[in-house]
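K.L.:
Predicted model follows, preceded by the sequence.
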Amino acid sequence: MTVTEDAWHELESPQDAPGRSSLRLYPESPLDIFLSVSHPGRQRMLVLRADARSADPIVRSVGRLPKAAGIEMNLSAVSRVEYELQVILTADELREVFNPLVSDVADTVRAAPAAADALAAAVDRFGRWQDLLRAVSRDGLSAEARRGLYGELLVLGDVLLASLAQTSAVEAWTGPMGTNQDFQLPAVAIETKASVAKRPRSIRIEVPPVGRTA
């Protein structure tokens, strides 16, 4: 599903007492998933609730949870037997980024086979978003970066999604993580180049012999 402003607006309705307003997503998921707004501050968050045993690997590595300016990931104990992994919006100017981020994390959790796997997948997915947010300033992408992103999205949509399963195509897109090639598949890697030149020119790419690295 896609999280929209309408869902948040309903949760942000004024409350008489401090607490949270929550909307449950994907009841069939291995974790309890909620969109939540805390009151009176009206802070938005995605909440993933799990039993203590499933959360134990995250508890032991809590100091290494990914962080991104304006959006945080926190782990908190609800009780002796239950934990919450929270993705929290701390900078209102990132609302437009937060909606697709929590939509993507929730979809990733839903697809996991078990609770522990779902928590690990959520942390990994948020880490990927963190890498993307680090690469983009608060003022947005530069003109050159926008051209590069457009080129990568064009290849993703016209080439990979036309011949691969959606999940495989998207997971092959590694450009935002700063890898040497923008797309990496088991048997091939693809590097994209985009230009606004009126007279495009060929680009020579030398591949090192097998057994050697460039």
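P.N.:
Arrived safely, thanks for sending.
K.L.:
which residue sits closest to E28 in space, ignoring its chain neighbours?
P.N.:
Nearest non-adjacent residue to E28, counting by Cβ to Cβ, 6 or more residues apart in numbering: R110, 7.5 Å away. For the C-beta atoms, the positions are set from N, CA and C on the backbone; glycine is no exception.
K.L.:
chain center to whichever strand or helix holds the one you found, what's the gap?
P.N.:
R110 belongs to helix 95-111 when assigned by DSSP states H and E. The chain centroid and the centroid of helix 95-111 are separated by 6 Å under Cα atoms, centre = their mean, to the nearest Å.
K.L.:
same deal with stretch 176-188?
P.N.:
Relative to its chain's centre, stretch 176-188 lies at 18 Å (Cα atoms, centre = their mean).
K.L.:
Residues contacting that stretch, please?
P.N.:
Residues outside stretch 176-188 that contact it (Cβ atoms under 8 Å, 6 or more residues apart in numbering) are 128, 131-132, 135, 152, 155-156, 160, 172-175, 189-192.
K.L.:
ok, and for it, which residues are buried?
P.N.:
Using 16 or more other Cβ atoms under 10 Å as the test for burial, stretch 176-188 gives 176, 182-184.
K.L.:
Likewise for stretch 154-170?
P.N.:
Residues 155-156, 160, 169 are the ones in stretch 154-170 that count as buried (16+ other Cβ under 10 Å).
K.L.:
per the record, what domains does this structure have?
P.N.:
Domain assignment for the chain by automatic domain parsing gives 5-135, 141-214.
K.L.:
worst-scoring helix or strand of this protein, pLDDT-wise?
P.N.:
For the chain, using mean pLDDT, DSSP states H and E, the weakest element among its helices and strands is helix 143-155, scoring a mean of 82.
K.L.:
send the alpha carbons of that helix over as PDB?
P.N.:
Once non-C-alpha atoms are left out, helix 143-155 reads as follows in PDB (Å, rounded to 0.1, in the frame of the first residue of the first chain):
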ATOM      1  CA  ALA A 143      21.100  19.000 -12.100                       C
ATOM      2  CA  GLU A 144      23.800  16.400 -12.900                       C
ATOM      3  CA  ALA A 145      22.500  14.000 -10.200                       C
ATOM      4  CA  ARG A 146      19.000  14.400 -11.500                       C
ATOM      5  CA  ARG A 147      20.200  13.400 -15.000                       C
ATOM      6  CA  GLY A 148      21.900  10.400 -13.600                       C
ATOM      7  CA  LEU A 149      18.900   9.300 -11.600                       C
ATOM      8  CA  TYR A 150      16.600   9.800 -14.700                       C
ATOM      9  CA  GLY A 151      19.000   7.500 -16.700                       C
ATOM     10  CA  GLU A 152      18.900   4.800 -14.000                       C
ATOM     11  CA  LEU A 153      15.100   4.900 -13.700                       C
ATOM     12  CA  LEU A 154      14.800   4.700 -17.500                       C
ATOM     13  CA  VAL A 155      16.900   1.600 -17.500                       C
END
